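1. Based on what follows, work out the 3D shape:
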Amino acid sequence: MSGRYLLDTNIVIALLADEAAVKDSLAKADEVFVSSIVIGELCFGARKSERILENLARIDEFAANNVVLGCDTDTARQYGEIKNALRLKGRPLPENDIWIAAVALQYSLMLVTRDTHFDEIDHLKVAVW
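-> Numbers count the residues shown, from 1 in each chain. Prediction:
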């Protein structure tokens, strides 16, 4: 299962919950990345939780120990292509997921997720853990 992977929010949540299957899969990966969009989604979730400071600290630690990929002009171009293709198919997706997919395509990464709607995005490689 070697390769270069971009983790979706649901996979990071599983990792932070010490889910053994995700940890085992990550141990076999060559390179692992996370999008700044995923960090934003995690921070939003932490702010809705009852343990805000504890959860934000865990996210900060996770981000500090992983390569976080931000968005730039190339990401925005990918986003525009994906969103238009989905519009033409009549298959809208959540905005953040389009951005996450754009980062994966920009860097030629396999997106690790548990969301099946990513299958709607042409040329996106998806792994389910």
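2. just the helices in the protein please.
-> 9-16, 20-27, 36-48, 52-64, 73-89, 95-106 (DSSP state H).
3. What is the neighbour count of the residue nearest to D122 when sequence neighbours are not counted?
-> Leaving aside its chain neighbours, D122 sits nearest to A85 (5.9 Å; criterion: CB to CB, 6 or more residues apart in numbering). For glycine as for every other residue, the C-beta is placed from the backbone atoms N, C-alpha and C. Neighbour count for A85, taken as other CB atoms under 10 Å: 14.
4. Tell me if I'm right that A85 and H123 touch.
-> No. With contact defined as CB atoms under 8 Å, A85 does not reach H123; the gap is 9.4 Å.
5. List the contacts of S35.
-> Taking CB atoms under 8 Å, 6 or more residues apart in numbering as the criterion, S35 is in contact with 6, 68-71, 99-100, 103-104.
6. who touches the residue nearest to W99 when sequence neighbours are not counted in this structure?
-> Nearest residue to W99 in three dimensions, chain neighbours excluded: I37, at 4.7 Å (CB to CB, 6+ apart). Listed by CB under 8 Å, 6+ apart, the contact set of I37 reads 71, 96, 99-100, 103.
7. Can you give me the distance of I37 to K125?
-> Distance from I37 to K125, counting by CB to CB, to the nearest Å: 18 Å.
8. again, but for L53
-> The spacing between L53 and K125, counted by CB to CB, is 37 Å.
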